[in-house]
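> How does the following fold in three dimensions:
(chains A and B)
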Amino acid sequence: MIARRELLLGALAFPLATVPLVARAELFAGTYAPEAIPIGEGIWMVRGADEAIGFANGGAIANSVIMASDAGAIIIDTGPSIAFGAALGALARRLTGRSAARVYITHQHPDHSFGNGAFPEAEIHALPGTRAELERDGSGFSDAMYRMLHGWMAGTEVILPVAAAAEGPVVVGGRSLRLLALSGHSEADLAILDEISGTLIAGDLVFHDRAPATPHAAFAPWHAALARLAATAHRQCVPGHGPLCRTGAAIAQTGDWLAWLETALREAVAGGLDMAEAANQPIPARFAGMAAARYKLTRSVSHFYPRLEAELFPRIDG
Amino acid sequence: MSNGMMRTLLSIAMLAAPVAAQSQPPPVDPLGSPMWEHHAGKLFAGAPVVFDPRVEVTLPVLTENQHVMPVTVDARALGEVVRIMIFADLNPIPVAVEYTPLAAQAFIATRIKLDQRTPLRAAVLTADGVWHVAGHWVDAAGGGCSAPPLSRVRGDWADHLGELRGAAWSGPGATRLRLSFRHPMDTGLVENIPAYNIDQLTVSDAAGRALARMTVHGAVSEDPSFTLLLDPGLTGNLAVAARDTDGLEFAGTLAAGSGAKVAAAALR
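This next block holds a predicted model:
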């Protein structure tokens, strides 16, 4: 109910004269209408909005994947809420004629994992590290999601996946998948290669035309994971956010942004900039096509700055 | 009424007149804050107040962390500045810092806690006694002031208390000073943790002349960080002295050109 109280305070704080009415008019959540894009034999991509999580998009910003198998549908990433998960499950039934039998969660973040409650009859698998992270951070994520998304989140609870995903091949209902246990975007990132369609489902290790998010990121393992993905033969890549990539550009672009970001943050600290100055620094023209670049840079400054200052500034107390 | 009495009343009125003229109600708040009149009455005590775009309050595009909200105030366009105050109307501890630049420039960057969505402002007092105010609404998740600091949760706050880091960069227009302290900066609003914060900070030059001074409140973030602009061309060592609300004193010394070494090391 924190969300409601915030809403009321927000409304009281604004006199009618200074804020357009539309800013306060939409108090009711809408309905999710996920759409499937066929991208190969028995595999569909469900595109998230290339935006930050916000009330207008109901938090549906991450890509999901639906696959057909003899055991039932396979879902990868369940979205931001139980209502989204339910809509995704219904879409999978329409496309494959079967309910979801297996769900994979690529990593812990709530835009990918909070629809789990809509799949009570499926096995929900994730890397052990993902389960541990969700156990640690899930309730904090939940507070933040309810605060931002209000009614869109109704009924959503943190449902922990089974820590059953591990590096190596797996066959689900006759469909051959190869699981890659990686890290870097978070402490545990699962990528999945669908062998028959040659689709590499990269989770948030890969962003495409949308700036990467870094709240739990570590640069070195993320670059190593990208190298591994680039070396994994595939025909196409479904990034965690952004459009399908058939050229390898998304992996390269993610690596390019991360390399620039790390250098830019180190240079900002080393040049004496404070956080707001670092967040408002120019972003190179080659990233102009990336959605949410300023937003993500600002978040990344918050994630990395204090650590970099502690690393780079000398002690001056005697 | 006798003439004499009339004269007395008139002279009282004339004495009172300049005070009455100064003691205007604060101007209407462009941010429409419910707390503006309350804070303005208390903080400015009847002194003239103007909303002034020459006070630049720079904030990030979003509050990623309500415990650490960066804010940069640049009031160099105003000429001679006596004090810069940073405050958030709807914070339980509204004022975060009161900065007296002395020989420094009218610029400060720091990080504060936000307990909820609030106007975040700077009020800048110029030598003519006028307060110049600017600010923005910022959205924030709740609890920035009322959740325990990370070092209290980890339990290691005392191991690092008063560790002081910093560097100074000599530029053409200013000597830029960055300082960061390890301190829990307890607000007193967390159960069983009394208020405990750094409350005084002074920067002096090699000759012991105070260049900048500030009063710091519990609304400043844990492990507080400050960026100040001192006059260009400073040489020798700068001295930093701080005191917290328990009377502990923290001191540090750094070379006015130490930032060049940091820059060289950072680029590896």
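> What segments of the stretch 101-250 of chain B are strands?
Per DSSP state E, counting those that start in this stretch, the stretch 101-250 of chain B carries strands over the ranges B:107-112, B:118-126, B:131-138, B:164-170, B:175-181, B:198-204, B:210-216, B:225-230, B:237-244, B:249-255.
> Make a markdown table out of the ones you listed and add distance to residue B:150, mean pLDDT and mean neighbour count.
C-beta: built from backbone N, CA, C; applies to glycine. A markdown table is the format used below for the strands of the stretch 101-250 of chain B (distance: least, Cβ to Cβ, whole Å; pLDDT from 0 to 100; neighbours: other Cβ atoms under 10 Å in any protein chain shown):
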| stretch | distance to residue B:150 | mean pLDDT | mean neighbour count |
| --- | --- | --- | --- |
| strand B:107-112 | 13 | 98 | 25 |
| strand B:118-126 | 22 | 98 | 24 |
| strand B:131-138 | 21 | 98 | 21 |
| strand B:164-170 | 17 | 95 | 23 |
| strand B:175-181 | 15 | 96 | 24 |
| strand B:198-204 | 17 | 98 | 20 |
| strand B:210-216 | 19 | 98 | 21 |
| strand B:225-230 | 15 | 97 | 24 |
| strand B:237-244 | 18 | 97 | 20 |
| strand B:249-255 | 20 | 95 | 18 |
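> what would the ones you listed look like in JSON lines with distance to chain A?
Formatted as JSON lines, these follow (distance: least, Cβ to the nearest Cβ, whole Å):
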{"stretch": "strand B:107-112", "distance to chain A": "4"}
{"stretch": "strand B:118-126", "distance to chain A": "8"}
{"stretch": "strand B:131-138", "distance to chain A": "8"}
{"stretch": "strand B:164-170", "distance to chain A": "4"}
{"stretch": "strand B:175-181", "distance to chain A": "5"}
{"stretch": "strand B:198-204", "distance to chain A": "12"}
{"stretch": "strand B:210-216", "distance to chain A": "15"}
{"stretch": "strand B:225-230", "distance to chain A": "4"}
{"stretch": "strand B:237-244", "distance to chain A": "7"}
{"stretch": "strand B:249-255", "distance to chain A": "4"}
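> Out of the ones you listed, flag the one nearest residue A:36.
Evaluated over the strands of the stretch 101-250 of chain B, closeness to residue A:36 peaks at strand B:131-138, with 38.8 Å, by Cβ to Cβ.
> So what are the sheet partners of the closest one and their directions?
Its sheet considered, strand B:131-138 pairs with strand B:49-51 (parallel), strand B:118-126 (antiparallel) by DSSP bridges.
> list the contacts for the closest residue to residue B:205 other than its chain neighbours?
Sequence neighbours aside, residue B:211 is the residue nearest to residue B:205 in space, at 5.7 Å (criterion: Cβ to Cβ, 6 or more residues apart in numbering or on different chains). The contact partners of residue B:211, by Cβ atoms under 8 Å, 6 or more residues apart in numbering or on different chains, come to B:102-104, B:203-205, B:230-231, B:238.
> one more time with 10 Å
Neighbour list for residue B:211: B:101-104, B:175, B:177, B:202-205, B:228, B:230-231, B:234, B:238-239 [criterion: Cβ atoms under 10 Å, 6 or more residues apart in numbering or on different chains].
> Ok, which of the strands paired with strand B:131-138 comes nearest residue B:263?
Between residue B:263 and the strands paired with strand B:131-138, the shortest separation by Cβ to Cβ is 28.7 Å, and it involves strand B:118-126.
> what's the angle between the closest one and strand B:107-112?
On the basis of axes from the mean of the first three to the mean of the last three Cα atoms, to 10 degrees, strand B:118-126 is oriented at 150 degrees to strand B:107-112.
> And strand B:118-126, how far out from the chain middle?
How far strand B:118-126 lies from its chain's middle: 9 Å, per Cα atoms, centre = their mean, to the nearest Å.
> Just the C-alphas of it, formatted as PDB.
Taking C-alpha atoms only, strand B:118-126 is exported to PDB below (Å, rounded to 0.1, in the frame of the first residue of the first chain):
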ATOM      1  CA  THR B 118      10.100  16.500  -2.900                       C
ATOM      2  CA  PRO B 119      11.200  19.900  -4.200                       C
ATOM      3  CA  LEU B 120      15.000  20.100  -4.000                       C
ATOM      4  CA  ARG B 121      16.400  23.600  -3.900                       C
ATOM      5  CA  ALA B 122      19.400  25.800  -3.400                       C
ATOM      6  CA  ALA B 123      19.000  29.200  -1.700                       C
ATOM      7  CA  VAL B 124      21.900  31.600  -2.200                       C
ATOM      8  CA  LEU B 125      22.500  34.600  -0.100                       C
ATOM      9  CA  THR B 126      24.300  37.500  -1.900                       C
END
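> sorry, back to before: can you list the strands paired with strand B:131-138 in a markdown table and add distance to residue B:66?
Formatted as a markdown table, the strands paired with strand B:131-138 follow (distance: least, Cβ to Cβ, whole Å):
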| stretch | distance to residue B:66 |
| --- | --- |
| strand B:49-51 | 26 |
| strand B:118-126 | 10 |
